[in-house]
Structures are given as structure tokens and as C-alpha cells.
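Asks: sequence and predicted structure are below.
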Amino acid sequence: MERRRRIGILTGGGDVPGLNSVIKSVVYRSTELGYEVIGIRRGWEGLTHMHPGPELDPDYLMKLDRINTRTIDRTGGTILHTSRTNPRKMRSRTLPGWLPAGRAETFRKGEDVFDLTSLVLGNIESLELDYLVTIGGDDTLSFSRALVDEGVSLIAIPKTMDNDVQGTEYCIGFSSAITRAKELINRQRTTLGSHERIGFFRIFGRDAGFSALYTAYVTSARCLIPEAPFELEHLFELLIEDKQNNPSRYAFVIAAEGAIWKGGAIAETGEPDAFGHRHKANIAEVLANELKARTGEDTVASELTYDLRSGEADSLDQMVAITFANVAMDLIRDGVTGRMVAIQDGKYAHTHLPEPGLGPRMIDVATAYDTNRYRPTYANRLGHPLLLTAAEVARD
């Protein structure tokens, strides 16, 4: 009897609205194409920690069908859960508990560094996966690329609120983050005005300022982005001027977490995660304290990070999530592998997975950002992409 074809699907890194819509759409199209779907729980941890055996490990694997995914697109997050596990750089305390010490040593690559790539490959084979669908940002996609290089049949779908994955103009989660940030900022305007304060809003964006730029675009605000270090004194002068010219006597600026002033530095705290990222000190608090110390102005710092990734997807994110999933399934139907679903020139497309070491996609400061006024550029948009900055990629 011929074995039924099988697809594995996982979500890695931070959660964003729209992930469940991808999962549901992959399941629905898979059943039409004759595949069964295995959900891999907790990102790459599912493929490093699943207990080997003839039965699916319920802690890390679950069969997905039209019944158990029927309503999941109505909520945010991911029913498969997620993690920031990096199978190529694991520490001894994060290794699977069932892994014998002697065998663990075969994966050692350095002092307390273990590479479990071969274990992942073995688990993919034991699960008899014909394809793997991975949904994630740079970190998840970097290991996806490693698996493709090892011969795994894989299609990737980009998601991140930062919208900074190379090769695509849009990532799932971005629109919902901007929609939510706009709502939060507009609500807090009343408090800023009531107390005549200057507000500093911190938003996601360690390496690229898309979230800050687009939120500023729709709130008519100033913003600070990692791609363009700012002058501290000039920023404070602009904010005080904004407050004086505002009948409600308030002003505010949106700062990406990775933004920095010329000659300044933002400290990083805590242990690095499996991909080498440490938490940055809150730039909103740093700037709010600095302005108050220098001028005596009342200030307030507000954190707009985790609120932006919570809850259901907005309409644009849901449409893109559904379509990305169906494009991925079109590629699987056609036997295509080693590709990432993307938007290029405002159209659905597919492209190479990001090259290792390429880094995140950045804002084109020259066309999208005013480095003197610390605002998005609104003029001269004819001929530019809907989302302001094109995905510069080598055409296939």
C-alpha cells in the first residue's frame, strides 16, 4: 500500500498575528493535494527534542486536520507554540533530557556548544516528511537554509513585525503591529496632552526601523531608526518646539529599540539567546530621563513592544498569511523546493532563502526618511513601492 505523502510545519522565533492563518491554510490545501500534515511544536525544539519511536511524541508533534484547525485563524499567536531554539548552537542545559551523555558528546562543537543538525535531519527522515514548511524571521530562516543545503525539501514563509527579512517587501505580522501601535499611540495622546508632557515610545526594531517608520507615517510623528543615528540636541530642540506649537501642549517621538544617537551607545543586558541576541536597554527611558535632566520638561516613556504581537491579525496580515500559505502549497504541488515565499515589486513571488551573513533588510534612508526632521518622507512617492522600501534581491 502506497504511503501517504506528509508535510511538517513549524513556527519559530517570536509569535505574531497571522501564524494560525498560515497553519490552517496549509492544512486545508494539503488535504486537497493528498498530503497529511504533522505540526511540529515549539519551533526547532520540536525537531531536536522529540522522543524517537514509532508513535508521535505528543509533547512535540501533533497531527493537523480540517477539524482541529477549523477555527484557529480567529485568534493570534500560534497553536504550535514557538521557541528561539538554534539547533546549531545549543548548550548542555538545553539538550534533550533523553539524550545519553555519551551520544551528546558526538554533537559537541566547542565549550558548551552542541550542533544537533544531524539529529534534526534524522528526525525529519524518521517522520517521513516529504516537505517541511517553516514560518519565521531571520533566525528561523537561517537554519531553514542550512537544512536546504543538506538536501531537505523545504518551503519557507517570512514573518516578523520588524519586516526586515531579505528578499521580501512584506513579512506576516507587520501590518498588525503598525495598526496596533497607531491605536496605542492615539489613545495615549490624551494623557500626554492632559499632563503637557513629551512622550517617548519604544517600538520593535533592533537592526531596522520599519516598524518605527511606518508607525510614524500613520501618526504624523517623528521617529528614530537604527539606519540613521540622530543628533541628541537637535532631537530635543525639535520636541520642545513641537510642544510649544501644539495647542494641547504635548509632543512625542517613536524610537526603534536599536536607534542610537551620534556618539552614544545603548547598553545590552542579560544572557544572549541561542542566536546571539541580548536585550537592549530601553531607549525610550534613556531619552526621557536625559531630556528631563537637561531641560526640566515633564516626560514619559512608554513600551510598545509585546502589545504589538498579541491578539488577532488585522485584515491585511490575514490576507497575506492566507495567500503566502497557498503560494507555498502551489510550490509544493509543483515539486519546487528550497524557496521562500515573498512579495517583490508589490506582487506575490518566491525567492532564494536569505544568504547566511547577509543581515537584515534595511530602510532606504535616502528615499524614505528625512534625517533632519526625523520624519518619514511623504513627497515624491510616484514609482516607489506601496511599502516605501523595495526588496533589493537578485532576480532568479
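Replies: Thanks, I have it. The structure presented is a predicted model; accordingly, all values stated were derived computationally and were not measured.

Asks: what segments of the stretch 101-250 of the chain are helices?
Replies: Listed in chain order, the helices of the stretch 101-250 of the chain (DSSP state H, counting those that start in this stretch) span residues 101-105, 117-126, 138-149, 174-195, 210-219, 232-245.

Asks: tell me what the fourth one is packed against?
Replies: The elements that helix 174-195 packs onto, with contact taken as 3 or more CB pairs under 8 Å, 6 or more residues apart in numbering; DSSP states H and E, are strand 198-203, helix 210-219, strand 251-256, strand 299-303, helix 315-333. Where C-beta positions appear, they are placed from N, C-alpha and C, glycine not excepted.

Asks: any idea which of the helices of the stretch 101-250 of the chain is most buried?
Replies: When you average the neighbours per residue for each of those (mean count of other CB atoms under 10 Å), helix 210-219 leads with a mean of 26.

Asks: helices and strands around it, which ones?
Replies: Packing partners of helix 210-219 (3+ CB pairs under 8 Å, 6+ apart): helix 174-195, strand 198-203, strand 222-224, strand 251-256, strand 375-376.

Asks: closest to residue 296 out of these?
Replies: Across those, residue 296 has its closest neighbour in strand 198-203 (11.2 Å, CB to CB).

Asks: gap between that closest one and the chain center?
Replies: With CA atoms, centre = their mean, to the nearest Å as the basis, strand 198-203 stands 21 Å off its chain's centre.

Asks: now do it: which elements does it pack against?
Replies: Using 3+ CB pairs under 8 Å, 6+ apart, strand 198-203 sits against helix 174-195, helix 210-219, helix 232-245, strand 251-256, helix 283-295, strand 299-303.

Asks: mind putting these in a markdown table, distance to residue 164 and mean pLDDT included?
Replies: A markdown table is the format used below for these (distance: least, CB to CB, whole Å; pLDDT from 0 to 100):
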| stretch | distance to residue 164 | mean pLDDT |
| --- | --- | --- |
| helix 174-195 | 9 | 96 |
| helix 210-219 | 6 | 97 |
| helix 232-245 | 23 | 98 |
| strand 251-256 | 11 | 98 |
| helix 283-295 | 18 | 96 |
| strand 299-303 | 20 | 96 |
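
Asks: now the helices of the stretch 101-250 of the chain as a markdown table including distance to residue 302?
Replies: Putting the helices of the stretch 101-250 of the chain into a markdown table (distance: least, CB to CB, whole Å) gives the following:
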| stretch | distance to residue 302 |
| --- | --- |
| helix 101-105 | 45 |
| helix 117-126 | 40 |
| helix 138-149 | 27 |
| helix 174-195 | 6 |
| helix 210-219 | 12 |
| helix 232-245 | 15 |
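
Asks: closest to residue 39 out of the ones you listed?
Replies: Judged by CB to CB, the one of those that comes nearest to residue 39 is helix 117-126, at 14.2 Å.

Asks: same question for the closest one, mean pLDDT?
Replies: For helix 117-126, mean pLDDT rounds to 97.

Asks: repeat for stretch 55-63
Replies: 95.

Asks: output the lowest mean pLDDT helix or strand found in the chain.
Replies: Scoring the helices and strands of the chain by mean pLDDT, DSSP states H and E places strand 268-269 at the bottom, with a mean of 66.

Asks: right, and the helices and strands packed on strand 198-203 - which one's nearest residue 128?
Replies: Nearest to residue 128 among these is helix 174-195 (34.9 Å), distances taken as CB to CB.

Asks: next one: the closest one to chain centre, how far?
Replies: Worked out by CA atoms, centre = their mean, helix 174-195 lies 21 Å from the chain centre.

Asks: skipping adjacent residues, who's closest to the residue nearest in space to the middle of the chain in space?
Replies: The C-alpha lying nearest the average C-alpha coordinate of the chain belongs to residue 160 (CA atoms, centre = their mean; 1.9 Å). In space, and not counting its chain neighbours, residue 160 is closest to residue 137: 3.6 Å by CB to CB, 6 or more residues apart in numbering.

Asks: so for the one you found, what's the pLDDT?
Replies: In this prediction, residue 137 carries a pLDDT score of 93.

Asks: and it, what does it touch?
Replies: Residue 137 makes contact with 12, 13, 14, 158, 159, 160, 162, 164, 165, 171, according to CB atoms under 8 Å, 6 or more residues apart in numbering.

Asks: in CSV, list the residues you listed along with pLDDT.
Replies: As requested, these are exported to CSV (pLDDT from 0 to 100):
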residue, pLDDT
12, 96
13, 92
14, 91
158, 97
159, 97
160, 95
162, 94
164, 95
165, 96
171, 97
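
Asks: identify the farthest-apart pair in those.
Replies: Using CB to CB, those reach their maximum pairwise distance at 12 and 164, which is 15.7 Å.

Asks: picking that back up, quick one: closest of the helices and strands packed on helix 210-219 to residue 38.
Replies: helix 174-195 (27.3 Å).

Asks: I'd say the residue nearest to the centre of the chain and residue 171 touch.
Replies: Yes - the criterion here is CB atoms under 8 Å, and residue 160 meets it with residue 171 at 4.7 Å.

Asks: count of neighbours near the closest residue to residue 166 other than its chain neighbours?
Replies: Leaving out its chain neighbours, the residue that sits closest to residue 166 by CB to CB, 6+ apart is residue 354, at 4.2 Å. Applying other CB atoms under 10 Å, we find 24 residues neighbouring residue 354.

Asks: over to residue 354. Which of the three states is it?
Replies: The three-state label for residue 354, taken from DSSP: H, G, I helix; E, B strand; the rest coil, comes out as coil.

Asks: residues touching it, list them.
Replies: Applying CB under 8 Å, 6+ apart to residue 354 gives the contacts 138, 141, 142, 145, 165, 166, 167, 340.

Asks: that one and residue 171, how far apart?
Replies: Residue 354 sits 12 Å away from residue 171, going by CB to CB, to the nearest Å.

Asks: which neighbours do these two share?
Replies: residue 165.

Asks: for residue 22, see how far away the residue nearest to residue 45 when sequence neighbours are not counted is.
Replies: Of all residues not flanking residue 45 in the chain, residue 85 sits nearest, at 4.1 Å (CB to CB, 6+ apart). Distance from residue 85 to residue 22, counting by CB to CB: 20 Å.

Asks: equivalent analysis for residue 183, please.
Replies: Separation of residue 183 from residue 22 (CB to CB) stands at 24 Å.
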